[in-house]
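> Here is my input, please return the structure:
(one chain, ligands or ions: 1)
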Amino acid sequence: MKLNREHSIALDAEDQLAAYRGKFALPEQEIYLDGNSLGAMPAHLPARMQQAVASEWGNGLIRSWNDAGWIDLPQRVAAKIARLIGAEGDEVMVGDSTSVNLFKALAAALRLNPGRKVILTERGNFPTDLYIAQGIAGLFDAEIRYVDSDEASVLAALDEDVSVLMLTHVNYRSGRIYDMQKITAMAHAAGALCIWDLAHSAGAVHVELNAAKADMAVGCGYKYLNGGPGAPAFVFVASRHLDDVRQPLSGWHGHAQPFEFLQEYQPAAGINRMQCGTPPLLSMIALDAALEVFEGLDMQQLRAKSRALGDLFIRLVDEKLAGYDFGIASPRDSALRGSQVALTHAQGYAIVQALIARGITGDFRMPDILRFGFAPLYVRFVDVYDTVEAIAEIMEKDEWNQEKFLTKKAVT
Ligand SMILES: Cc1ncc(COP(=O)(O)O)c(C=O)c1O
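Numbers count the residues shown, from 1 in each chain. Presented below is the predicted three-dimensional model:
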């Protein structure tokens, strides 16, 4: 069957999640395919933030720590995220950035598995994960073993020296999904712990951390969870490790009795010990409010739409962009792909800029990746259709080939 615009409009008409787009403050014409970098703003956020700033901060001042419940907001936000990643509320803590939480988790994992010195990861992991591992390796006298990204290479590198296997569930470039359950089981069989980065999974892909027996995980609040720029991140520690886990950023919010102001650090019970210092409250409030959108949402249904959007995109690329030298860097099988599709093209940067000039926002990743994120809560099937049509026109008219599109900006 030839795919036309009417077909995409019909898919939107049947889409049971279609009404969710109205929960976001997106301009009517906006085609936003970058929710995997920065999620869209939920429509009710400005009013909630106005209240937080004017009433809770402005009038309530420091009293709001108690009166507005600021002090246990991280735990309440954590419980909302836990539901989305197959964890219990008391296994998740919210605060700091993904990078900082990874630092805490990696250090804690190395301590839980002493006598082994290797952090195993893959070369294509997100740079901050690699950089944090490098920082930790220097501090803990550990060694990093880098392997190729494919599952067989990762599994073959698990041996008696590996203390912790650190992987990103959905790859930031290709969108490839690792089999969390299988890889975690193999890591455990080799005596290693497993840390998963869920930056590109939480809120878009069905995740079952406890069913997979994951040891620890981290993830972002500002991507598919729509918590806003620089939103607090989360960290998960499986309940079986909570009594023993010790992380080195032993700030007062992770203390057993922070308001006793004792001299010696005593880790709080349970997941609270993964906290460090005062959280960014306004950002925490924004994330809390953003997560309301997920209430009652069936994650399987969300995932089904994410797969269907990506499938449609790939079919359209095959049909409309043949002959323009594009490659598809993502798995074609949607079961193996997160909520994004990556194309490759030598002029990828300029093509993305030409698209942005037409009101269609994706992004570019070195060296040649055009990345399109399909946040299922607000991306429409017709957006997918219009995007591929626009790329075809840009190629046909050589529209990308202009100085203003070829000059690189600081953020790509
Ligand atoms: C896999 C992964 N981890 C971590 C991050 C970001 O970490 P942070 O929020 O600390 O900058 C990203 C950002 O894109 C990412 O893709």
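> low-confidence ranges in this structure?
Applying pLDDT under 70 to the chain flags the ranges 1.
> Spell out which residues of it are next to the ligand.
Within the chain, the positions near the ligand by CB under 6 Å from any ligand atom are 97-99, 126, 128-129, 168, 172, 197, 199-200, 220, 233. C-beta here means a position set from N, CA and C on the backbone, and glycine is covered the same way.
> Kindly reformat those residues as JSON lines containing distance to Glu264 and secondary structure.
Formatted as JSON lines, these follow (distance: CB to CB, whole Å; DSSP: H, G, I helix; E, B strand; the rest coil):
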{"residue": "Ser97", "distance to Glu264": "27", "secondary structure": "coil"}
{"residue": "Thr98", "distance to Glu264": "30", "secondary structure": "helix"}
{"residue": "Ser99", "distance to Glu264": "28", "secondary structure": "helix"}
{"residue": "Phe126", "distance to Glu264": "36", "secondary structure": "coil"}
{"residue": "Thr128", "distance to Glu264": "32", "secondary structure": "helix"}
{"residue": "Asp129", "distance to Glu264": "33", "secondary structure": "helix"}
{"residue": "Thr168", "distance to Glu264": "36", "secondary structure": "strand"}
{"residue": "Tyr172", "distance to Glu264": "40", "secondary structure": "coil"}
{"residue": "Asp197", "distance to Glu264": "33", "secondary structure": "strand"}
{"residue": "Ala199", "distance to Glu264": "35", "secondary structure": "coil"}
{"residue": "His200", "distance to Glu264": "40", "secondary structure": "coil"}
{"residue": "Cys220", "distance to Glu264": "33", "secondary structure": "coil"}
{"residue": "Ala233", "distance to Glu264": "28", "secondary structure": "coil"}
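> I'd like to know how far the closest residue to Pro267 other than its chain neighbours sits from the ligand.
Of all residues not flanking Pro267 in the chain, Arg273 sits nearest, at 3.9 Å (CB to CB, 6 or more residues apart in numbering). From Arg273 over to the ligand the distance is 20 Å, taken as CB to the nearest ligand atom, to the nearest Å.
> Among the residues of the chain next to the ligand, find me the one that's closest to Ala342.
When the residues of the chain next to the ligand are ranked by distance to Ala342 (CB to CB), Tyr172 comes first, at 9.3 Å.
> Enumerate every residue touching that closest one.
36, 126, 199-200, 365 (CB atoms under 8 Å, 6 or more residues apart in numbering).
> Does the residue nearest to Pro267 touch Gln247 like I think?
Yes - assessed by CB atoms under 8 Å, Arg273 is found in contact with Gln247 at 6.9 Å.
> which residues touch the residue in the stretch 251-400 of the chain that the ligand sits nearest to?
As assessed by CB to the nearest ligand atom, the ligand sits closest to Arg365 within the stretch 251-400 of the chain, at 9.7 Å. Counting by CB under 8 Å, 6+ apart, Arg365 touches 172-173, 342, 371, 412.
> Narrow these to those in strands?
Judged by DSSP state E, strands contain the following of the contacts of Arg365: 342, 371.
> For the helix or strand Met49 falls within, list every residue counted as buried.
In the assignment (DSSP states H and E), Met49 maps to helix 45-51. For helix 45-51, burial by neighbour count (16 or more other CB atoms under 10 Å) applies to 45, 48-49.
> Dump those into CSV; add distance to Leu106 as well.
Formatted as CSV, the buried residues of helix 45-51 follow (distance: CB to CB, whole Å):
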residue, distance to Leu106
Leu45, 33
Arg48, 34
Met49, 33
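> Which one of those is nearest to the ligand?
The ligand has its nearest neighbour among the buried residues of helix 45-51 in Leu45, at 19.4 Å by CB to the nearest ligand atom.
> Is it correct that that closest one is in contact with Asp288?
No - taking contacts as CB under 8 Å, Leu45 lies outside contact range of Asp288: 10.5 Å.
> about what we covered before: now flag whichever of the buried residues of helix 45-51 is closest to Gly22.
Nearest to Gly22, judged by CB to CB, of the buried residues of helix 45-51 is Leu45 at 14.1 Å.
> and the closest one, what is it in contact with?
Leu45 touches 25, 228, 286, 289-290, counting by CB under 8 Å, 6+ apart.
> Kindly report the same for Phe234.
Residues in contact with Phe234 (CB under 8 Å, 6+ apart) are 78, 81, 92-94, 101, 202, 218-219, 221.
> filter the residues you listed to the buried ones?
Neighbour-count burial (16+ other CB under 10 Å) is assigned, among those, to 78, 81, 92-94, 101, 202, 218-219, 221.
> Break this protein down into its domains, please.
Per automatic domain parsing, the structural domains of the chain span 5-32+298-406, 47-294.
> hey, where'd the strands end up in the stretch 201-350 of the chain?
Taking DSSP state E, counting those that start in this stretch as the test, the strands found in the stretch 201-350 of the chain are 216-219, 234-237, 327-328, 340-344.
> from the contacts of Tyr172, which two are the most distant?
Spatial extent of the contacts of Tyr172 (CB to CB) is set by the pair Ala199 and Arg365 at 13.7 Å.
> Need the phi and psi values for the residue lying closest to Gly95 once chain neighbours are set aside.
Distance criterion CB to CB, 6+ apart; nearest residue to Gly95, sequence neighbours excluded, is Pro279 at 4.3 Å. When read as degrees, to the nearest 10, the backbone of Pro279 gives phi -80, psi 160.
> Pretty sure Pro279 sits against His253.
Yes - in terms of CB under 8 Å, Pro279 counts as a neighbour of His253; the distance is 7.3 Å.
> Mind listing the shared neighbours of the two?
Taking CB under 8 Å, 6+ apart as the criterion, Pro279 and His253 both touch Gly95.
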